[in-house]
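Asker: here is the input, now give the coordinates:
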Amino acid sequence: MLPRFRSFYGKVIIFILVALCFVLYLKVQPATEDYLLPSKLQAGRPPAYRTHERERERERSHDKYVDDAENEIRAATQSPYEYSIQLDLQKQQSGLGDDGAAVHLAGAAKTRGDKIYKKIALNEELSEQLSYNRTVGDHRNPLCLQQQYDDPSTLPTASVVIIFYNEPYSVLVRTVHSTLNTCHHQALKEIILVDDGSDNAELGGKLDHYVRTRIHNGKVTILRLKNRLGLIRARLAGARIATGDVLIFLDAHCEANVGWCEPLLQRIKESRTSVLVPIIDVIDANDFQYSTNGYKSFQVGGFQWNGHFDWVNLPDREKKRQSRECKHPREICPAYSPTMAGGLFAMDRRYFWEVGSYDEQMDGWGGENLEMSFRIWQCGGTIETIPCSRVGHIFRDFHPYKFPNDRDTHGINTARMALVWMDEYINIFFLNRPDLKFHPDIGDVTHRVMLRKKLRCKNFDWYLKNIYPEKFVPNKNVNAWGKVKSVNGNLCLDDLLQNNEKPFNLGLYPCGKVLQKSQLFSFTDKRVLRNELSCATVQHSTTPPHRVVMVPCMDNDDYNEQWKYQNHQLIHSNTGMCLDYSGQKSMDDAQVAPCSLSSETQRWAIEHD
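Answerer: Sure, this is the predicted structure:
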């Protein structure tokens, strides 16, 4: 009996202990784990309790959603781009360089700035310390404040297209902010940044992040090209996606003056075939000083026969035309410009395409500005400088990067332009650039010639006579032109490849087999001995040697620039002395000496092939 008794009660005790453990287990479970209970036990809970649990579950879901959102924000603010941007902003000094003032670094910062300047021709160290929103002052003519413009809501809208390739990040961002800050928000439809294949890491994700997190009006778009196309094709890519009424092209290193945008849009509203350029002021690439020539003085575009753009003073002829056009003494009228630099201009978007946009076969950079300038004028449009629109531009001493395939894209593009638009004057271009006459990369220009015929454009002679009559043509209005060659020797007058835009001593050099630019001179019908940019005078001296000096030509008839050419002698009118190479050799300075009809070293011929 005893063993069975123990066995029976032992089982009962074990059963009771197990039951107690189970009850205790249920009591210690937290409410958040009710989903683990059997469904019958859940059903046995009061309805109010179940409602309370559902509310708590919704709260937990909401808390989780909020936490996720906060985590996303935290992730954004902790991204490497955000961290880098914050460091950039901390580096900037409020008020530094405001009103376009020059800034001079010192110590280690100056050393860093000088080092980077030698590499990219721009003081990036200083740029990073200037605010993206720095002011450059108001340099407009005071009368500009009295000009009447239509309400911004009624003006044509602007698409600003900016091409960049490895531009310093801070310079590019400042260009964007300057555009946003100075163009009325109703007139500015968009800014299109076209990345022409940059490999600077800052211009990738960091720039995207900055635009997304700092510019909230949605007006800035970044178009990234897969390969580097060059300025011309990159601009075409930007123009194709633009939606504004007017295309405004800016370089990626600009700071705009207050009120620069509205005068451009107003003029295009009045004349849709006018291509407009602002007055382009200078921002120093080293100290970032914004400088002007004063609010009344500005230059317009010209060109040189080698195909380079040139700045020229506003001629008296154009000043008189402006006076006739202005309807009111206080009105400031546009000034006609024979050419444009090409970096900054505004143009009706539809007219841009109608008149031929750009020559898409032009590679890289260069030549497109003269091509468009000649095309606009010869095909019925105008190029005008708008005095009340001013934009600062950083001019560098050299290009900090190579061009596609390391070719002379400027020269090749200019040769394409000359073949289409310069007619018989192309001979003067090739005289200045003989290396391009048979260049294999010029390519076929048939489609551009057909465009010219389709648009019924005028010839280049018309352009020179009506738009740019001040331009010196070496074989027009002259008594003789070509080499100035010693009759009894093989020495010719030569500029010795010196800078013709500054005074220099005229030299002597063996005559070339063919006429070349350095030995090209004209004896004009005004009795001036000159080349394209400079006129020959005689250095003032009481004792020999009396050197021949080339100086910028005077607009009036300067007696010191006049010569006589008779009996093969070149006689300087002011001194009465003759050009003489006695005792001279190659690379020596040209001189004058007392005239002698028997002197063999004073006999010269002016001839061309």
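Asker: tell me who's in contact with the residue positioned nearest the centre of the chain.
Answerer: The residue lying closest to the centre of the chain (Cα atoms, centre = their mean) is residue 251, at 2.8 Å. By Cβ atoms under 8 Å, 6 or more residues apart in numbering, the contact set of residue 251 is 162, 163, 175, 343, 344, 393. Every C-beta, even on glycine, is put in place using the N, C-alpha and C of the backbone.
Asker: can you tell me the closest non-neighbouring residue to residue 462?
Answerer: Spatially, and ignoring its direct neighbours in sequence, residue 462 is nearest to residue 378 (7.2 Å; Cβ to Cβ, 6 or more residues apart in numbering).
Asker: report the distance from stretch 440-454 to the chain centre.
Answerer: Counting by Cα atoms, centre = their mean, to the nearest Å, stretch 440-454 is centred 26 Å from the centre of its parent chain.
Asker: what residues does that stretch touch?
Answerer: Residues outside stretch 440-454 that contact it (Cβ under 8 Å, 6+ apart): 356, 359, 361, 375, 378-379, 407, 412, 415-416, 419-421, 436.
Asker: farthest pair in the residues you listed?
Answerer: 379 and 407 (28.7 Å; Cβ to Cβ).
Asker: so these two - more neighbours on which side?
Answerer: Shown here are residue 379 and residue 407; by other Cβ atoms under 10 Å, residue 379 has more neighbours (19 against 15).
Asker: does the more buried one touch residue 459 like I think?
Answerer: No. Counting by Cβ atoms under 8 Å, residue 379 sits too far from residue 459 to count as a contact (11.4 Å).
Asker: model confidence for residue 390, exactly?
Answerer: As predicted, residue 390 sits at a pLDDT of 98.
Asker: closest to residue 148 out of the contacts of residue 251?
Answerer: residue 344 (24.4 Å).
Asker: roughly how far apart are that closest one and residue 400?
Answerer: Between residue 344 and residue 400 the distance, using Cβ to Cβ, to the nearest Å, works out to 20 Å.
Asker: show the pLDDT at the closest residue to residue 468 other than its chain neighbours.
Answerer: Once flanking residues are discounted, residue 468 sits nearest to residue 338: 4.1 Å by Cβ to Cβ, 6+ apart. Looking at residue 338, its pLDDT reads 99.
Asker: wait, residue 338 touches residue 471, no?
Answerer: Yes. With contact defined as Cβ under 8 Å, residue 338 reaches residue 471; the gap is 7.5 Å.
Asker: the two - which one has more neighbours?
Answerer: The neighbour comparison of residue 338 against residue 471 (other Cβ under 10 Å) goes to residue 338, with 24 against 18.
Asker: got a list of what the more buried one touches?
Answerer: Applying Cβ under 8 Å, 6+ apart, we find residue 338 in contact with 300, 301, 302, 303, 312, 373, 377, 383, 467, 468, 471.
Asker: out of the residues you listed, which sit inside helices?
Answerer: Among the contacts of residue 338, the residues falling in helices (DSSP state H) are 373, 377.
Asker: got a winner among the contacts of residue 338 for most neighbours?
Answerer: That'd be residue 373 among these, by other Cβ under 10 Å, with 29 neighbours.
Asker: contacting residues around it?
Answerer: 301, 303, 338, 339, 340, 342, 383.
Asker: can you check residue 460 too?
Answerer: By Cβ under 8 Å, 6+ apart, the residues touching residue 460 are 374, 378, 421, 422, 423, 424, 425.
Asker: which secondary element of the chain has the worst mean pLDDT?
Answerer: helix 39-43 (a mean of 36; mean pLDDT, DSSP states H and E).
Asker: neighbours of the residue nearest to residue 462, how many?
Answerer: As a measure of burial, residue 378 has 20 neighbours, counting by other Cβ under 10 Å.
Asker: measure it to residue 428 for me?
Answerer: To residue 428, residue 378 is 17 Å away according to Cβ to Cβ.
Asker: same deal with residue 421?
Answerer: 13 Å.
Asker: neighbour-wise, which of the two wins?
Answerer: residue 421 (25 against 20).
Asker: which residue sits closest to that one in space, ignoring its chain neighbours?
Answerer: Per Cβ to Cβ, 6+ apart, closest to residue 421 is residue 374, 4.3 Å.
Asker: residue 428 now?
Answerer: residue 305 is the one closest to residue 428 (Cβ to Cβ, 6+ apart), at 5.0 Å.
Asker: pretty sure that neighbour contacts residue 430?
Answerer: No. Using Cβ under 8 Å, residue 305 makes no contact with residue 430, being 9.7 Å away.
Asker: more crowded one of the two?
Answerer: Neighbour count, other Cβ under 10 Å: between residue 305 and residue 430, residue 305 has more, with 23 against 17.
Asker: in contact with the more buried one: list those residues for me.
Answerer: 428, 429, 431, 432, 474, 532.
Asker: got a quick ChimeraX command for the buried subset of these?
Answerer: Of the contacts of residue 305, the buried ones can be selected in ChimeraX as follows, counting by 16 or more other Cβ atoms under 10 Å:
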select :428,429,431,432,474,532
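Asker: where's the closest residue to residue 394 other than its chain neighbours relative to residue 400, distance?
Answerer: Spatial nearest neighbour of residue 394, chain neighbours left out: residue 253 (4.0 Å); criterion: Cβ to Cβ, 6+ apart. Per Cβ to Cβ, residue 253 is found 11 Å from residue 400.
Asker: which neighbours do these two share?
Answerer: residue 122.
Asker: who has more neighbours, these two?
Answerer: More crowded of residue 253 and residue 400, by other Cβ under 10 Å: residue 253, with 23 against 14.
Asker: check what pLDDT the more buried one gets.
Answerer: In this model, residue 253 is scored at 98, pLDDT.
Asker: touching, it and residue 167? I think so.
Answerer: Yes. Using Cβ under 8 Å, residue 253 is in contact with residue 167, at 6.6 Å.
Asker: just the terminal-to-terminal distance for stretch 464-477.
Answerer: Start to finish, the residues bounding stretch 464-477 are 13 Å apart (Cα to Cα, to the nearest Å).
Asker: in it, what's buried?
Answerer: For stretch 464-477, by 16+ other Cβ under 10 Å, it's 464, 467, 468, 471, 472, 474.
Asker: mind picking the two most distant members of those?
Answerer: Greatest spatial distance among the buried residues of stretch 464-477 (Cβ to Cβ): 467 and 474, at 18.9 Å.
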